[in-house]
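Participant: Okay, here's the prediction I keep looking at, along with the sequence it came from:
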Amino acid sequence: MDVTSTTAAGTTAAGTTATTAAAAKATSSVAAKLNAETFLTLFMTQLKNQDPTKPMDGTEYVSQLATLSQVEQATQTNKKLDSLLTSSFLDQADSIVGRTISSADGTTSGTVQSVKVTGDGALATLTDGRTVLLQSGVSVS
């Protein structure tokens, strides 16, 4: 039995979880770009360049700190979601090794030799060397 995981920017899941995984991956990349360090850099630049005769309102300051907290929480949530999806998907992949699958369009079928988790989803390698992307419509018997 051969089940492997290749993590790139994030891994995704097959079938009904593919849409969720794609959304998580997109959100994760946005959160990665807007991390706490970026926010603090922008915030400090704003503080350095503010007009001393019109300092930042305390309410605005608190609002921006709350935004920082939200960015940090979103980043941590996305990391945990990526990990959970990978774990869930590997469990699913383990259950199809040795079983027969047919592609969604019905053109490819065979016994699954191994499954590789990639950024595009799970890729099942059949005993004859052909591959099938595990997605909605793939049948397992």
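Facilitator: Yep, that arrived. Residues are numbered from 1 along each chain as shown.
Participant: which residues of this structure fall in helices?
Facilitator: Assigned by DSSP state H, the chain shows helices spanning 17-33, 36-48, 58-96.
Participant: Reformat these as a markdown table; add distance to residue 120.
Facilitator: (C-beta placed from N, C-alpha, C; glycine too.) Formatted as a markdown table, the helices of the chain follow (distance: least, CB to CB, whole Å):
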| stretch | distance to residue 120 |
| --- | --- |
| helix 17-33 | 10 |
| helix 36-48 | 28 |
| helix 58-96 | 12 |
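Participant: Tell me which residues of the strand ranked longest in the chain come out buried.
Facilitator: When the chain is parsed with DSSP state E, its longest strand is strand 109-118. Neighbour counts over strand 109-118 (16 or more other CB atoms under 10 Å) mark 110, 112, 114, 115, 116, 117 as buried.
Participant: so who does the first one touch?
Facilitator: Contacts were defined as CB atoms under 8 Å, 6 or more residues apart in numbering; by that measure residue 110 touches 100, 101, 126, 127, 128, 130.
Participant: are any of those residues buried, and which?
Facilitator: Among those, the ones that count as buried by 16+ other CB under 10 Å are 101, 126.
Participant: Let me know the closest of the contacts of residue 110 to residue 139.
Facilitator: residue 101 (6.6 Å; CB to CB).
Participant: how about the helices of the chain in a markdown table, adding mean pLDDT?
Facilitator: Output for the helices of the chain, formatted as a markdown table (pLDDT from 0 to 100):
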| stretch | mean pLDDT |
| --- | --- |
| helix 17-33 | 52 |
| helix 36-48 | 78 |
| helix 58-96 | 81 |
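Participant: export those to CSV and tack on distance to residue 121 and mean neighbour count?
Facilitator: Listed next are the helices of the chain as CSV, based on distance: least, CB to CB, whole Å; neighbours: other CB atoms under 10 Å:
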stretch, distance to residue 121, mean neighbour count
helix 17-33, 6, 15
helix 36-48, 30, 12
helix 58-96, 9, 14
